[in-house]
Every structure is written in structure tokens, then in C-alpha cells.
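Undergrad: The amino acid sequence is not available; the structure is as follows:
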């Protein structure tokens, strides 16, 4: 899948997730290109457009630590349960060297998952991973 299609898929699926969760789950999301030298911002959607790129190394620390525990295939994901504020809450491998990162600026994933609506939203998050597994971003 190309970038425009991937962005449209993420927007659509996050709207469905918000509807199931009965409020916004992730206020911001980005697509990152990752290689041996680090991460490159490919696409960003949220309220911190002016500062997001500069904070990328710091904000990604909790999620990078969580993701360092294993190798990921396209469609696999991880949550940084205690990432607070601008620290990324969720990451998903969406291409060979591309990742989707999502963030809730007001709550941690640990807090968000306590809401009973999380179970409904989680099914849609898994569905998003399966869609990228079937057609990765290139």
C-alpha cells in the first residue's frame, strides 16, 4: 500500500476505534520510517505539528524500550503502558521499515485500558494490524 492509502486507512480505523471507545483514544498519530540510524517522521496528524519532530527522540523512549524486547513482523504492535504525556502509547509495524505510533496526551495506556470500552476498541486495533499485515506500507 502507498502512503496516501495507509494514512486513509489509519484515519478511518481510528475513527471507528473512537466510536467504539466512546471518546477519542489517540489525539495524535504519526508514521515513522525506521532504519539503523534512527527514525524519520513521514507523516504526522495532531496538535503538536510545530514541536513533534524536535521531541521525537525523547517522546519515543518509552515505546522504544517496550519494543526492544522482541522482533516485530508487519501488523505486530506494542503498548508502552506507563508512557505519560507526550510519550508514545502505542506502536505498530506497518511496513518493512515503517511504524505507526499513537498517543493520548492526557492518559497512559494503562489508564485507557481500564475503561470497559477498551475491549471493543482493542478488536478494531487488532483489525488495523491485520490490514497492514495483508497489505504493508511500502
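TA: Nice, I can see it. Remember, it's a predicted structure, so these values are computed and weren't measured experimentally.
Undergrad: use CA for all of it now, contacts and neighbours both
TA: Will do.
Undergrad: Got phi/psi on residue 37?
TA: phi -100, psi -10 (degrees, to the nearest 10).
Undergrad: and the residue most central in space within the chain, what helix or strand is that in?
TA: Geometric centre of the chain, nearest residue: residue 101, 2.7 Å, by Cα atoms, centre = their mean. Take DSSP states H and E as the rule and residue 101 turns out to sit in strand 98-103.
Undergrad: Name the residues linked to residue 91 by a beta bridge.
TA: For residue 91, the beta-bridge partners under DSSP bridges are residue 78, residue 101.
Undergrad: just to revisit the earlier point, list of residues touching the strand holding residue 101?
TA: 26-34, 86-94, 137 (Cα atoms under 8 Å, 6 or more residues apart in numbering).
Undergrad: Show me which of the residues you listed are buried.
TA: 26, 28-34, 86-94, 137 (16 or more other Cα atoms under 10 Å).
Undergrad: now the angle from the longest helix seen in the chain to strand 98-103?
TA: Counting residues, the longest helix found in the chain (DSSP state H) is helix 3-21. If you take axes from the mean of the first three to the mean of the last three Cα atoms, to 10 degrees, helix 3-21 sits at 30 degrees to strand 98-103.
Undergrad: residues making contact with helix 3-21?
TA: Residues outside helix 3-21 that contact it (Cα under 8 Å, 6+ apart): 24-26, 117-118, 120-122, 124-125, 128, 137-138.
Undergrad: Which residue ranges of the protein form strands?
TA: Using DSSP state E, the strands of the chain run over 28-35, 38-45, 77-79, 90-95, 98-103.
Undergrad: Dump the ones you listed into JSON lines; add distance to residue 63 and mean pLDDT as well.
TA: Output for the strands of the chain, formatted as JSON lines (distance: least, Cα to Cα, whole Å; pLDDT from 0 to 100):
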{"stretch": "strand 28-35", "distance to residue 63": "13", "mean pLDDT": "93"}
{"stretch": "strand 38-45", "distance to residue 63": "13", "mean pLDDT": "90"}
{"stretch": "strand 77-79", "distance to residue 63": "7", "mean pLDDT": "95"}
{"stretch": "strand 90-95", "distance to residue 63": "7", "mean pLDDT": "97"}
{"stretch": "strand 98-103", "distance to residue 63": "9", "mean pLDDT": "96"}
